[in-house]
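Asker: show me the folded form of this:
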Amino acid sequence: MMRHRCGLALALLIALALTGCGFHLRGSTNLAFSSLAVQGPDGPFLIDLKRQIASTTSTRIVANPKQAQAVFTLLADSPTQVPLAYNADGTVAQYQLRETVQFQLATPSGQMLIPPTTITQTSSLSYSTAATLAKANEADLLYRGMRQDLVSRIMFQMAAARPPVTPAASAPAPAAP
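Answerer: All right, here's what the predicted structure looks like:
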């Protein structure tokens, strides 16, 4: 019984310390538009981006760009693997994994909210011919992590983007006679 109370007190003390230092769980991202069209070559990157938007925002993903307040376009997604170091016998000892994404965010009328932007994420992968399958699985995990980091960075950029204010919306209402 005493052990249980000490454990509870310790947990409460840790929780108080974390809230006192400003720690808080990552919440939802607020996008300035209620509907978004997502376009580009189908693949794991767009799937991850759509999943992130659906799970962390109140923004609806629509298929028709004319029905959206903003249009996200994935212009390019290129994962690459470049040899970085070689062994004495000439075989690759280390690779650099790189995922480069180019995207833009615009209104349906074509006004740019985020001009074409390129972001890159890199990671190193040591390689051994004795563990080819394990290294291929490790590379997949590293690419998945890099892709998730890129999605997070894009979400932050989209959260900072604001749709243009239309003249009708910013004009004061006419006074009643």
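Asker: tell me which residues form a beta bridge with residue 85?
Answerer: Residue 85 has the following beta-bridge partners by DSSP bridges: residue 94.
Asker: my read: it touches residue 93, true?
Answerer: Yes - in this structure, residue 85 sits in contact with residue 93. The criterion is C-beta atoms under 8 Å, and the distance is 4.7 Å. In this view, the C-beta of every residue, glycine as well, is placed from N, C-alpha and C.
Asker: and for residue 104, the neighbour number?
Answerer: Taking other C-beta atoms under 10 Å as the criterion, the count of residues near residue 104 is 17.
Asker: tell me who's in contact with it.
Answerer: 72, 73, 75, 112, 114, 115, 116, 117 (C-beta atoms under 8 Å, 6 or more residues apart in numbering).
Asker: surely the last one forms part of a helix?
Answerer: This means residue 117. No - under the criterion used here (DSSP: H, G, I helix; E, B strand; the rest coil), residue 117 is strand, not part of a helix.
Asker: is it fair to say residue 146 lies in a helix?
Answerer: Yes - in this structure, residue 146 lies within a helix as judged by three-state DSSP.
Asker: residues contacting the residue nearest in space to the middle of the chain?
Answerer: Computing the C-alpha centroid of the chain and ranking residues by C-alpha atoms, centre = their mean puts residue 151 first, at 1.5 Å. For residue 151, the contact set (C-beta under 8 Å, 6+ apart) comprises 45, 48, 49, 52.
Asker: any idea of the pLDDT on it?
Answerer: With respect to pLDDT, residue 151 has a value of 96.
Asker: that one belongs to a helix?
Answerer: Yes - when the secondary structure is assigned by three-state DSSP, residue 151 falls within a helix.
Asker: can you start the count at 284 instead of 1 from here on
Answerer: In the new count, where the first residue is 284, that last one comes out as residue 434.
Asker: can you tell me the SS state at the closest residue to residue 342 other than its chain neighbours?
Answerer: Spatial nearest neighbour of residue 342, chain neighbours left out: residue 314 (4.6 Å); criterion: C-beta to C-beta, 6 or more residues apart in numbering. Three-state call for residue 314 (three-state DSSP): coil.
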